[in-house]
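>>> One predicted model, sequence on top.
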Amino acid sequence: MSRLPDYYTIWHKAGHYGLRIMAGLVLVFLMMPILVIMPLSFNAEPFFTFTQGMLSLDPGAYSTRWYQEIVDDQKWRIAIRNSFLVGIAAASIATVLGTLAAVGLSSPFMPYKRVITALLLSPMIVPLIIIAAGMFFFYTQFNLVGTFTGLIIAHAALGVPFVIITVTATLSGFDRSLFIAGLSLGASPLKVFWDVVIPLIRPGVISGGLFAFVTSFDEVVLVLFLAGPEQRTIPRQMFSGLREQINPTILAVATLLVVLSATMLFVLEALRRRSARLRGQE
Amino acid sequence: MSDRVPSLNTEDAANARRQLRRRRTQAFLFVVPLLVFILFAFVAPITTMLFRSVHNPTVAELVPDTLAMLEDWEGETLPDPAVVTQMAIDMKRMAGNRTSGKFADEINRALPGMSSVIKSTARGLRRADDAELAANGAEMLLAENDRWAKPATWRAIRSAGQVYTSSYYLTAVDLEYDAEGEVVMRDTQIYKQLYTKTLKMALIITGLTILLGYPLAFYMSQASPATANFLMVFVLLPFWTSLLVRTTAWIALLQAGGVVNSTLIWAGLINEPIELLYNEFSTILAMTHILLPFMVLPLYAVMRGIDASFMRAAISMGSNPIGAWYKIYLPMSLPGLSAGALLVFIISVGYYITPALVGGTDGQMISNIIAFHMQVSNNWELAAALGSLLLILILVLYWLFDRFVGTDNLKLG
């Protein structure tokens, strides 16, 4: 911020600094809970607050025992495996089907575009509890409750809107004459799609897939309703831990998840920049 | 290309039409796989839920013969002995194949107190002789409990036996059919209160996110691009962090032995830990934190496009900052504000996880009662009716969102 204009009165200045302080406090509010759990996860004691030793930076007050517990506990290991399995499978389905659909939807000839877009985006709008209840009723008839297939289908449906939104955004900057040029040179539509369109929209496809993966990775309501004990995922394990007997291991898991989402955030930002560059906007 | 004025003859027109149709089909074919998938994975389940809220064949499947015979009954006196006998035979059969508990639950919903009557009757008739039952079933049933002699009991069975019913919707808005078949208020008013409370909490959360988000978005939009991008990380990181992680963080902070309480005790402000967790306060606090980025992001997107010199011009001409903000800046930032507010409101109305974990008894919202009826009380039809009402509410809100904000403006990150 540069020097304040000369015509500012004392009240204007007070307002100016007041705003700064307010914005700073809100940022603290946003970050503080996430920052607090990170050091707490290294607490040597099973407490949820800073011990005297931790505050005086005594190395003995810190330990990685809760991280060790994640590694040792079979339940957590299975949960981690399940989360990746379901997340990758669901994101793959959502990405493939969603990318195809986004290409169709961005065509100027697409019939019933508004209705179909609204329909495909609706899993994002309907509250999860309603989706969970409906899926439970419906999937019971096909014996899909308590199976990986059921959970993957459910999570893929949740991921679809994210793929559609990101890929459509990338396609909006896509020059359709490239498609026509490919066709005029004798390539089949599929070949043009694969060799010309896909490389250009790849950043959007990857970030859509990442969104879908994260959606599945963090999802807990559908897991609570549709998964059996076999399909226990990380959020499901955290949820029961928070409900039954809260244990600092959860803080360690939470810290790992924060690190994971920070990584994801930077990957997505890099992809966004790359996509913007490919479209010549930067 | 010909050099004369192009005119379409019928053949050209037909060709053009064919061409257009082919292109439309081509575009549509790309969407078909996902459309089929979403119809199976998402639309059919939601439809099933809507159907479930009016369809309950349980009782009709359990006692079909009794219900068929009850059709001619006028409803004022005790039904024909033949009907009562049929009921006794059905009771024995249900006791035998262990479905009497299910029957008891269903009838109990229509007429409280019937659960124990039916269960004890089932126990009494389980070993009854078939021939004797066929001969004096009526007396045997009436001897089990005097509530079988009340016409109200039979009316309850008959109404629970309807396959299609609006009674779950009535229950969902705290109404019921009385003995005369009139719609009346229920004695216990739960759900209307819960809807009001959910809307009230969503409104408070929306208000708080505006209060916190507006100054932050404003400050970021005035800052240099480098500062703004840096501060954006502080908004996006929580946005990207799993909501269970953020809920966990609030539990760790607010616990009796948590960071907030021990800091307050250390500072000498309190002597005993205070109850910060498992109430409405903790739900609202945690949800405000979780939904704040949904307010800041659209607000910031709009504010970035507003030229700051308008405000400076107004102030330099002698307006006070508040007046200038109210007259000039607020109207221009309104699209972002309404987008953020509607988004936060829509999301918080249907929220489940955070209230379930930190809400305690008085921080529960409508989603939690739906989950309760799905998982604990097993009243799936009522859960479906409550869910359908919530769905309608969300769709109306979303329609407003689309009308005033436009879903095309939905952006991620």
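Arrived safely. Numbering: from 1, shown residues only, chains lettered A, B, ... in the order given.
>>> Okay, the residue nearest the centre of chain A and A:F84: tell me how far apart.
Centroid check for chain A by C-alpha atoms, centre = their mean gives A:V214 as the closest residue, at 3.2 Å. In this view, A:V214 and A:F84 are 12 Å apart by C-beta to C-beta, to the nearest Å. In short, each C-beta sits where N, CA and C put it, glycine included.
>>> picking up where we left off before, isn't the residue nearest to the centre of chain A up against A:L265?
No: in this structure A:V214 lies outside contact range of A:L265 using C-beta atoms under 8 Å: 9.8 Å.
>>> Name the residues contacting each of these two.
Shared contacts of A:V214 and A:L265, defined by C-beta atoms under 8 Å, 6 or more residues apart in numbering or on different chains, comprise B:W240.
>>> name the element the closest residue to chain A within the stretch 1-150 of chain B belongs to?
Closest residue of the stretch 1-150 of chain B to chain A, C-beta to the nearest C-beta: B:F30 (2.9 Å). Assigned by DSSP states H and E, B:F30 belongs to helix B:10-38.
>>> name the helices or strands packed onto that helix?
Applying 3 or more C-beta pairs under 8 Å, 6 or more residues apart in numbering or on different chains; DSSP states H and E, one finds that helix B:10-38 contacts helix A:74-105, helix A:113-121, helix A:148-172.
>>> Reformat these into CSV and put mean neighbour count, distance to chain B and mean pLDDT next to each item.
Shown next, in CSV, are those (neighbours: other C-beta atoms under 10 Å in any protein chain shown; distance: least, C-beta to the nearest C-beta, whole Å; pLDDT from 0 to 100):
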stretch, mean neighbour count, distance to chain B, mean pLDDT
helix A:74-105, 21, 3, 95
helix A:113-121, 17, 6, 91
helix A:148-172, 24, 4, 93
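>>> So which of those helices is nearest B:I315?
helix A:148-172 (37.4 Å; C-beta to C-beta).
>>> Now do the closest one: distance to the chain's middle.
Offset of helix A:148-172 from its chain centre (C-alpha atoms, centre = their mean, to the nearest Å): 11 Å.
>>> following it, which helix or strand comes up?
Following helix A:148-172 in sequence, per DSSP H and E, is helix A:176-184.
>>> Show me what counts as buried in that following helix.
A:179, A:182 (16 or more other C-beta atoms under 10 Å in any protein chain shown).
>>> what's the angle between that helix and helix A:74-105?
Going by axes from the mean of the first three to the mean of the last three C-alpha atoms, to 10 degrees, helix A:176-184 is angled at 80 degrees with respect to helix A:74-105.
>>> so what does helix A:176-184 touch, helix or strand wise?
Helix A:176-184 packs on helix A:189-192, going by 3+ C-beta pairs under 8 Å, 6+ apart.
>>> do that again at 6 Å, thanks
Packing contacts for helix A:176-184, counted by 3 or more C-beta pairs under 6 Å, 6 or more residues apart in numbering or on different chains; DSSP states H and E, involve no helix or strand.
>>> Stretch B:260-277: end-to-end distance?
One end of stretch B:260-277 to the other measures 11 Å (C-alpha to C-alpha, to the nearest Å).
>>> still on that earlier bit, right, and the helix or strand after the helix holding B:F30?
helix B:44-52.
>>> from the chain's centre, how far out does that next one sit?
Counting by C-alpha atoms, centre = their mean, helix B:44-52 comes out at 14 Å from the chain centroid.
>>> again, but for stretch B:303-315
41 Å.
>>> so when I look at A:P5, I'm seeing a helix, right?
No: counting by DSSP: H, G, I helix; E, B strand; the rest coil, A:P5 is not part of a helix but coil.
>>> any idea which helix is longest in chain B?
Among the segments of chain B that qualify as a helix by DSSP state H, the longest is helix B:191-222.
>>> mean confidence for it?
On average, the pLDDT along helix B:191-222 is 95.
>>> and it, does that touch chain A?
Yes: using C-beta under 6 Å from any C-beta of the partner chain, we find that helix B:191-222 touches chain A at B:212, B:215-216, B:219.
>>> Who wins on neighbours among these?
Using other C-beta atoms under 10 Å in any protein chain shown as the neighbour criterion, B:L216 leads the residues of helix B:191-222 next to chain A with 26 neighbours.
>>> Do I have it right that A:L128 meets A:E219?
No: A:L128 lies out of contact with A:E219 (C-beta atoms under 6 Å); the separation is 7.8 Å.
>>> So those two - more neighbours on which side?
Just comparing A:L128 and A:E219: by other C-beta under 10 Å the higher neighbour count belongs to A:E219, 28 against 20.
>>> measure that one to A:A157 for me?
Per C-beta to C-beta, A:E219 is found 11 Å from A:A157.
>>> ok, and for stretch B:129-144, which residues are buried?
In stretch B:129-144, counting by 16+ other C-beta under 10 Å, buried: B:133, B:136-138, B:140-142, B:144.
>>> overlap between these and the residues near chain A?
Near chain A, by the rule C-beta under 6 Å from any C-beta, you find none of those.
>>> If you count neighbours, what's buried in stretch B:34-53?
For stretch B:34-53, by 16+ other C-beta under 10 Å, it's B:34-35, B:37-38, B:41-46, B:48-50, B:52-53.
>>> how far away is the residue of the stretch 1-150 of chain B closest to chain A from A:V167?
11 Å.
>>> can you check B:I290 too?
27 Å.
>>> low pLDDT regions in the stretch 1-150 of chain B?
Along the stretch 1-150 of chain B, the model assigns pLDDT under 70 to residues B:1-7.
>>> please redo it, this time with the cut-off set to 90
By pLDDT under 90, the low-scoring segments of the stretch 1-150 of chain B are B:1-13, B:15-16, B:19, B:22-23, B:26-27, B:55-93, B:95-150.
>>> Write out the residues of it neighbouring chain A.
Residues of the stretch 1-150 of chain B found near chain A (C-beta under 6 Å from any C-beta) are B:23-24, B:27, B:30-31, B:33-34, B:37-38, B:41-42, B:44-46, B:48-49, B:52.
>>> With the stretch 301-413 of chain B instead?
Near chain A, when you scan the stretch 301-413 of chain B using C-beta under 6 Å from any C-beta, you find B:316, B:321, B:350, B:352-353, B:357, B:367, B:370, B:374, B:383, B:387, B:391, B:398.
>>> Of all the helices and strands packed on helix B:10-38, which one is nearest A:R277?
Taking the helices and strands packed on helix B:10-38 one by one with C-beta to C-beta, helix A:148-172 is closest: 12.1 Å.
>>> Residues contacting that closest one, please?
A:86, A:89-91, A:93-95, A:98-99, A:102, A:106, A:120-121, A:123-124, A:135, A:139, A:144, A:201, A:204-205, A:207-208, A:211-212, A:215-216, A:222, A:226-227, A:231, A:275, B:41-42 (C-beta atoms under 6 Å, 6 or more residues apart in numbering or on different chains).
>>> check contacts around B:T48.
By C-beta under 6 Å, 6+ apart, the neighbours of B:T48 are A:134, A:137-138.
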